[in-house]
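[1] Here is a sequence together with a model predicted from it:
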Amino acid sequence: MTFDDEVKSIASELNGTWQTTRSGERLTLSVTSADWRELARLSKAIRQVVGRGKSYLDRNWKWIAPRTCKSLERLARVLAKV
């Protein structure tokens, strides 16, 4: 997967750990309800990595990234209500 500096910066703020796997980079996060704003920022940053005319080593990234963003946005909304 392709990440930019903004995604890496936000993941670092959330104390995320990166792992290199056979299929690419994997980010693991442990979050609390207080992290909802950062999750929303992370979602927005990931969404900005994907766009028309861009190419990726993993062709699936183009549909995985938007799905990941939607999931992070839903989680952020739920955590904001807690």
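    Good, I have the coordinates.

[2] So in the chain, where's the weakest helix or strand by average pLDDT?
    Least confident helix or strand, the chain: strand 24-28 with a mean of 87, by mean pLDDT, DSSP states H and E.

[3] Buried residues, that one. List them.
    Gly24, Leu27 (16 or more other Cβ atoms under 10 Å). Any C-beta I mention is one placed from the backbone N, CA and C, and that applies to glycine too.

[4] for stretch 43-52, same thing?
    Buried residues in stretch 43-52, counted by 16+ other Cβ under 10 Å: Ser43, Ala45, Ile46, Arg47, Val49, Val50.

[5] I'd like to know how far the nearest residue to Val7 once chain neighbours are set aside sits from Arg26.
    Of all residues not flanking Val7 in the chain, Ala45 sits nearest, at 4.7 Å (Cβ to Cβ, 6 or more residues apart in numbering). Ala45 is 17 Å from Arg26, where distance means Cβ to Cβ, to the nearest Å.

[6] cool, Leu72 as well?
    Leu72 is 15 Å from Arg26, by Cβ to Cβ.

[7] How about Leu79?
    Counting by Cβ to Cβ - Leu79 and Arg26 are separated by 21 Å.

[8] mind checking which helix or strand the residue nearest to Val7 is in?
    helix 36-49 (DSSP states H and E).

[9] got it, and Thr20?
    Per DSSP H and E: Thr20 is located in strand 17-21.
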